[in-house]
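In: just coords:
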């Protein structure tokens with residue numbers, strides 16, 4: 001899995017290498033889906049949820065995260081043909 005400059009910036013400046021490791025860890029189960037939308041969402045109780053869809057509303061995966069110090073309450077990244085990119089980089 002490759003990352004664009006924008007995703008690399010997020011890794012370096014938000015300490016979010018773990019976020020892309022999590023996406024990578026799901027790829028054996030999701031390899032037939034060439035387009036994936038990953039959303040990290042902070043829950044009201046301080047936990048987090050990582051949700052993956054096919055971009056058309058179909059849920060492909062989800063994972064609870066007990067703790068993160070990620071600086072935003074929500075974050076979205078797309079995985080297209082093995083490349084992670086920010087939506088603004090499309």
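Out: Everything's here; your move. The structure displayed is predicted, hence computed values, not measured ones. Residues are numbered from 1 along each chain as shown.

In: in this structure, which spans are helices?
Out: According to DSSP state H, the chain carries its helices in the segments 5-14, 17-25, 27-30.

In: got the angle for the second one vs helix 5-14?
Out: It refers to helix 17-25. Counting by axes from the mean of the first three to the mean of the last three CA atoms, to 10 degrees, helix 17-25 points 130 degrees away from the direction of helix 5-14.

In: residues making contact with stretch 72-80?
Out: Judged by CB atoms under 8 Å, 6 or more residues apart in numbering, the contacts made with stretch 72-80 from elsewhere in the structure are 1, 7, 10, 14, 19-20, 23, 34-42, 55, 84-87, 90. (C-beta placed from N, C-alpha, C; glycine too.)

In: do stretch 53-69 as well
Out: With contact meaning CB under 8 Å, 6+ apart, stretch 53-69 is reached by 15, 18, 22, 26, 29-30, 33, 35-37, 39-40, 46-52, 78.

In: if we can go back for a sec, in PyMOL, select just the buried ones from the contacts of stretch 72-80.
Out: Selecting only the buried entries of the contacts of stretch 72-80 in PyMOL, with 16 or more other CB atoms under 10 Å as the criterion:
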select buried, resi 7+10+19+20+23+36+37+38+40+42+84+85+86
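
In: tell me which of the contacts of stretch 72-80 fall in strands.
Out: 35-42, 84-85 (DSSP state E).

In: please identify which two of those are farthest apart in space.
Out: When the ones in strands among the contacts of stretch 72-80 are compared pair by pair using CB to CB, the two farthest from each other are 35 and 42, 24.7 Å apart.
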